[in-house]
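Asks: the following block contains a protein sequence and its predicted model.
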Amino acid sequence: MHKSDRNIGREVYAHRTSMPSSRKTGSSGQRSSHGSRGSSSSGSNVLMVGPNFRVGRKIGCGNFGELRLGKNLYTNEHVAIKLEPLKTRAPQLHLEYRFYKALGQSGVEIKSKKRFNMAKIVKVLGTMGMGGPLNEFQSHKILKQWSELGQKEIDTAIMYQNGKTEEIIGKLSLCRNPKKIKIACKANPKKGFKCEDIIKQLDDSLGALRVPTCDIFYLHWPDHETPIEDTLKGVNQLYQDGKFKEFGLSNYSSWQVADIYHICKENNYPLPTVYQGMYNALTRDIEQELIPALRRFGIRFYVYNPLAGGMLSGKYNFNEEDTDQPKGRFFATGKADLSNQWVKAYRDRYWRDQYKGGIQVIQKVLSETYNNDVSLLQAAMRWMVHHSQLKYNDGVILGFSKEEHLIPNVDALDDGPLHEDVVKVFDEAWQNIKSGCPSYYR
């Protein structure tokens with residue numbers, strides 16, 4: 001991290017270990033004096049790191065922190081967990097390797113290390129590319145790797161790849177295990193939003209996924225022709241039938257969110273508890289009205305397009321002609337094929353001079369500040385975790401068109417805050433884009 005970065009919050013490093021069976025975690029798992037922002041279980045003082053690891057007694061000290069004995073509650077694997085300041089970066093772990101290795105004398109062997117994002121932003125695997133740029137084998141490989149990383153939530157929709165995405169997911173037994181994978185489904189107006197249409201859409205999705213229920217059921221975007229009351233009757237019927245656990249909204253305006261919330265409350269329907277929307281460092285339209293509305297109603301926020309459809313990935317050269325660009329959401333065949341509905345939608349949304357100009361300035365400041373050690377993608381993800389309006393238990397949906405994109409995106413969400421000069425240039429770019437920012441609702 002840049003030498004001028006401030007010490008904001010705490011970061012936890014968990015070191016995978018092998019422990020003798022005689023080593024047990026402490027019963028109380030007392031929170032350390034460092035005040036790390038882990039989650040505490042209800043009614044106890046147990047400190048959790050990530051979704052799986054329980055923190056136990058102190059077993060040692062290192063530079064800038066202390067070691068605690070931890071346990072993976074799902075695999076029973078023991079780990080050595082280090083609590084240390086955010087300013088302490090990964091190289092410090094290598095400097096302390098001898099110290100960790102010395103623990104081997106008492107039965108501890110360090111096998112690998114893993115950083116945890118203690119801001120507790122939920123990571124969600126986006127699956128829109130599965131059945132498109134990602135074939136079945138590649139898709140299953142990513143889903144398995146996602147689970148191996150300790151992640152559970154995946155996001156899909158009946159419209160993705162004309163239903164192929166859900167079918168591919170359903171063929172993998174891992175995704176049919178509710179203890180391993182949590183699935184979010186979506187219904188969309190193109191297939192109808194009347195009561196019976198809503199019921200059929202989710203039934204079709206669950207059939208393709210080969211599961212009896214899903215964790216979140218979203219209305220993908222508004223149907224301006226069908227009365228929302230009729231749509232919500234279908235939502236309630238599905239909930240009463242046990243077809244989903246949480247009700248979500250996506251691409252609705254703030255007043256529509258309020259309207260739906262009150263209709264559901266008056267009729268004793270399931271209340272919306274999660275909203276999925278467009279948000280990134282250069283697209284902040286949600287901050288003025290939507291975010292305050294969601295906070296008012298206790299609805300958490302899940303981000304899609306955290307990299308602005310790939311604009312913030314760093315792979316595009318804005319000085320090149322369109323025909324020389326890599327394939328992606330803006331160039332389906334290596335050129336701007338506007339007959340492709342997704343290419344047209346994303347180009348209309350993000351492929352604008354204000355975005356291009358802002359990104360070029362951001363890249364220049366990044367290079368000057370970090371000496372090319374921090375990529376545009378990493379900076380965009382770190383902004384999302386540490387400098388956006390996301391709060392504890394909000395989430396970021398990570399979409400991929402290639403297998404190799406998974407780890408860099410996940411790792412970037414676990415890094416610390418950005419230098420103030422980089423935050424400033426992101427803010428300045430947003431101000432220049434603001435007047436022409438794409439709307440968060442449809």
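Replies: Right, received. Where do you want to start? Numbering: from 1, shown residues only.
Asks: my read: Asn305 touches Ala281, true?
Replies: No: using CB atoms under 8 Å as the test, Asn305 is too far from Ala281 to be in contact (10.9 Å). C-betas here are computed from N, CA, C, even on glycine.
Asks: more neighbours, these two?
Replies: Between Asn305 and Ala281, counted using other CB atoms under 10 Å, the more crowded position is Ala281 (29 against 22).
Asks: state the distance from that one to Tyr316.
Replies: 16 Å (CB to CB, to the nearest Å).
Asks: same question, Gly126
Replies: Gly126 is 20 Å from Tyr316, where distance means CB to CB.
Asks: how about Gly242?
Replies: Gly242 is 45 Å from Tyr316, by CB to CB.
Asks: looking at these two, which is more packed in?
Replies: The residue with more neighbours, out of Gly242 and Tyr316, is Tyr316; 19 against 9, by other CB under 10 Å.
Asks: you'd agree that one is in a strand?
Replies: No: checked against DSSP: H, G, I helix; E, B strand; the rest coil, Tyr316 lies outside a strand; its state is coil.
Asks: which ones are touching Ala429?
Replies: Shown in contact with Ala429 (CB atoms under 8 Å, 6 or more residues apart in numbering): 281-282, 357-359, 361-362.
Asks: select only the buried ones of these in PyMOL?
Replies: PyMOL command restricting those to the buried ones, with burial defined by 16 or more other CB atoms under 10 Å:
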select buried, resi 281+282+358+359+362
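Asks: make a markdown table out of the contacts of Ala429 and add distance to Pro222, secondary structure and pLDDT.
Replies: A markdown table is the format used below for the contacts of Ala429 (distance: CB to CB, whole Å; DSSP: H, G, I helix; E, B strand; the rest coil; pLDDT from 0 to 100):
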| residue | distance to Pro222 | secondary structure | pLDDT |
| --- | --- | --- | --- |
| Ala281 | 26 | coil | 98 |
| Leu282 | 25 | coil | 98 |
| Gly357 | 32 | helix | 95 |
| Gly358 | 30 | helix | 96 |
| Ile359 | 31 | helix | 97 |
| Val361 | 36 | helix | 97 |
| Ile362 | 33 | helix | 98 |
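Asks: want to try CSV for the contacts of Ala429, with distance to Cys214 as columns?
Replies: Formatted as CSV, the contacts of Ala429 follow (distance: CB to CB, whole Å):
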residue, distance to Cys214
Ala281, 31
Leu282, 32
Gly357, 42
Gly358, 38
Ile359, 36
Val361, 42
Ile362, 38
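Asks: is it true that Cys437 touches Glu287?
Replies: No: between Cys437 and Glu287 there is no contact, the gap being 10.4 Å when judged by CB under 8 Å.
Asks: who has more neighbours out of the two?
Replies: The neighbour count for Cys437 versus Glu287, taken as other CB under 10 Å, is higher for Cys437 (18 against 13).
Asks: can you report phi and psi for that one?
Replies: Dihedral angles of Cys437 (phi, psi; degrees, to the nearest 10) stand at phi -70, psi 130.
Asks: how about Gly131?
Replies: Backbone torsions of Gly131, given as degrees, to the nearest 10, read phi 100, psi -10.
Asks: same thing with Lys364?
Replies: Main-chain torsions, Lys364, degrees, to the nearest 10: phi -70, psi -50.
Asks: any idea how far Ser375 is from it?
Replies: Taking CB to CB, one finds Lys364 at 14 Å from Ser375.
Asks: who's more crowded, the two?
Replies: Ser375 (17 against 11).
Asks: nearest residue to that one in space, please, no chain neighbours.
Replies: Gly314 (5.4 Å; CB to CB, 6 or more residues apart in numbering).
Asks: wait, doesn't the one you found sit right on Leu366?
Replies: No: counting by CB under 8 Å, Gly314 stays clear of Leu366, with 9.4 Å between them.
Asks: domains in this protein, by residue range?
Replies: Structurally, the chain divides into domains by the TED database as follows: 48-89, 122-436.
Asks: confidence-wise, which of the ones you listed is weakest overall?
Replies: For the domains of the chain, mean pLDDT drops lowest on domain 48-89, to a mean of 71.
Asks: count of neighbours near the residue nearest to Ser375?
Replies: By other CB under 10 Å, neighbour count at Gly314 equals 17.
Asks: can you list the buried residues in stretch 173-182?
Replies: Residues of stretch 173-182 classed as buried: 175-176, 180-182 (neighbour count, 16+ other CB under 10 Å).
Asks: stretch 381-398 now?
Replies: Judged by neighbour count using 16+ other CB under 10 Å, the buried positions of stretch 381-398 are 381-390, 394-398.
Asks: correct me if wrong: Thr127 contacts Met159.
Replies: No: counting by CB under 8 Å, Thr127 does not reach Met159; the two are 11.8 Å apart.
Asks: those two: which is more packed in?
Replies: Thr127 (28 against 17).
Asks: doesn't Ala80 fall inside a strand?
Replies: Yes: per three-state DSSP, Ala80 lies within a strand segment.
Asks: which residue packs closest to the spatially most central residue of the chain, ignoring adjacent ones?
Replies: Computing the C-alpha centroid of the chain and ranking residues by CA atoms, centre = their mean puts Val396 first, at 2.4 Å. Of all residues not flanking Val396 in the chain, Val303 sits nearest, at 4.7 Å (CB to CB, 6+ apart).
Asks: report the contact partners of that neighbour.
Replies: 276-280, 384, 390, 394-397.
Asks: contact partners for Asn372?
Replies: By CB under 8 Å, 6+ apart, the neighbours of Asn372 are Leu366.
Asks: any common contacting residues for Thr127 and Met159?
Replies: Common neighbours of Thr127 and Met159 (CB under 8 Å, 6+ apart) do not exist.
Asks: run the chain-centre distance for stretch 412-429.
Replies: Mean-position distance between stretch 412-429 and its chain equals 18 Å (CA atoms, centre = their mean, to the nearest Å).
Asks: any buried residues in it, and which?
Replies: 412-419, 422-423, 425-426, 429.
Asks: and that stretch, how far apart are its ends?
Replies: 21 Å (CA to CA, to the nearest Å).
Asks: now do stretch 286-303
Replies: First-to-last distance for stretch 286-303 - CA to CA - comes to 11 Å.
Asks: which strand residues bridge Phe247?
Replies: Counting by DSSP bridges, Phe247 is bridged to Phe217, Pro272.
Asks: next, count neighbours for Asn267.
Replies: By other CB under 10 Å, the residues close to Asn267 number 11.
Asks: thought it was touching Asn236?
Replies: Yes: look at Asn267 against Asn236 with CB under 8 Å: they come within range, at 7.2 Å.
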